[in-house]
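Asker: A predicted structure for the sequence below; I have some questions about it.
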Amino acid sequence: MKRIGIIGVGEIGRAIVDGLYYRGDDAPQVFLSPRGARTAGELSERYESVRVCPDNQAVVDHSEIVIIAVRRQDRHEALAGVTVADDKIVINVMAGVGNDDLRRTLATDAQIVRAIPLPAIRERRSVTVTCPSHPVADSLFERLGGVLPVADEMAFDVFSALTGTLTTHYSYLAALTSWAAGHGIAADDADSYVRSLFQEVGRALSDKTRTLRQLAADHETPKGNNERIRTTWFTPDNSKALTQALDDLLADLEG
């Protein structure tokens, strides 16, 4: 794995590059598309082996592995006229774009692997789901925090739907902060406390000897404050609404 190209240098593209160079590790040559010019330029100035190419075809031509990270709605414009040789490996990180769809767009017989890299790969702290399993792609993401290959795109779409809950978690924390501020707590103090509280929860998640339900039980006293909020707020109707939202998202991803 010597040369990696990235078409679409947004948040995920930046995270991949940062992860490759994390803590000064040796990294392959990286070729970036001019899309996201500011970010691409910053990365090329920061890392010696990163270059910005004049167009997307140049990215493909210089690379052994081509990562396509444009937004789903921009893919036809971004990939128009781009030719991908059959000996390349293409990694598709576009949400909701299946491998068959991308293969038709590119008109190539190159090997295509879907992946769900998350921003935490910049510090190699996030497992990346891939489909289908491929030794080169899996090795890349293993280096960036871990890899979870799945057998088919139906399973892949389930994991993709789960990633759609990420900003809901942040919004939940923001709602807690706002509630505290509404009761006279300084906004900065509320923000600091909520961050500290849930950072500790994040550390507890690293204990894989306990299931998530067991972790919840271990942090809860019968008839205590945590049980009260859980049972009065996370009601069966609330749980049903979450399940329905995920089912609807999954249907969109599959369709």
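Answerer: Happy to help now that I have it. Numbering: from 1, shown residues only.
Asker: check this structure for me, the residue farthest from its geometric middle.
Answerer: residue 223 (37.6 Å; C-alpha atoms, centre = their mean).
Asker: on contacts alone, who are the packing partners of the helix-or-strand element of the chain with minimal mean pLDDT?
Answerer: Counting by mean pLDDT, DSSP states H and E, the chain has its least confident helix or strand at helix 37-46, which shows a mean of 89. Under the contact criterion of 3 or more C-beta pairs under 8 Å, 6 or more residues apart in numbering; DSSP states H and E, helix 37-46 touches helix 11-20, strand 29-32, strand 50-52. Yep, even glycine has a C-beta here, placed from its N, CA and C like the rest.
Asker: output those as TSV; include the columns mean pLDDT.
Answerer: Formatted as TSV, the helices and strands packed on helix 37-46 follow (pLDDT from 0 to 100):
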stretch	mean pLDDT
helix 11-20	94
strand 29-32	95
strand 50-52	94
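Asker: closest to residue 182 out of the ones you listed?
Answerer: helix 11-20 (31.5 Å; C-beta to C-beta).
Asker: who touches the closest one?
Answerer: 4, 6, 9, 27-28, 30, 32, 36, 39, 43, 47, 50, 67, 69, 93, 117-124, 143-145 (C-beta atoms under 8 Å, 6 or more residues apart in numbering).
Asker: these, buried ones only, as a ChimeraX selection?
Answerer: Burial among these is assessed by 16 or more other C-beta atoms under 10 Å; the matching ChimeraX selection reads:
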select :4,6,9,27,30,32,36,39,43,50,67,69,93,117,118,119,121,122,124,143,144,145
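Asker: specify the local secondary structure of residue 223.
Answerer: Following DSSP: H, G, I helix; E, B strand; the rest coil, the label given to residue 223 is coil.
Asker: so how far is residue 176 from it?
Answerer: Residue 223 sits 22 Å away from residue 176, going by C-beta to C-beta, to the nearest Å.
Asker: where does the stretch 101-250 of the chain dip in pLDDT?
Answerer: Nowhere does the stretch 101-250 of the chain drop to pLDDT under 70.
Asker: that one: helices as residue ranges?
Answerer: 135-143, 153-163, 166-182, 187-204, 212-218, 225-233, 236-254 (DSSP state H, counting those that start in this stretch).
Asker: centre of the chain to the longest one, how far?
Answerer: So the one you mean is helix 236-254. Distance of helix 236-254 from the chain centroid (C-alpha atoms, centre = their mean, to the nearest Å) equals 20 Å.
Asker: just the third one next, same as before
Answerer: For helix 166-182, the gap between its own C-alpha mean and the chain's C-alpha mean amounts to 22 Å (C-alpha atoms, centre = their mean).
Asker: please tell me how far the nearest residue to residue 97 once chain neighbours are set aside sits from residue 122.
Answerer: Of all residues not flanking residue 97 in the chain, residue 72 sits nearest, at 5.4 Å (C-beta to C-beta, 6 or more residues apart in numbering). Distance, residue 72 to residue 122, using C-beta to C-beta: 22 Å.
Asker: per the annotation, how does this structure divide into domains?
Answerer: Annotated domains of the chain cover 3-150, 166-254 [automatic domain parsing].
Asker: for the shortest one, measure first residue to last.
Answerer: So that's domain 166-254. End-to-end distance of domain 166-254: 20 Å, with C-alpha to C-alpha, to the nearest Å as the criterion.
Asker: now do the longest one
Answerer: In terms of C-alpha to C-alpha, the two terminal residues of domain 3-150 are separated by 25 Å.
Asker: ok, now stretch 32-49?
Answerer: With C-alpha to C-alpha applied, stretch 32-49 spans 11 Å between its terminal residues.
Asker: okay then, goodbye and thanks.
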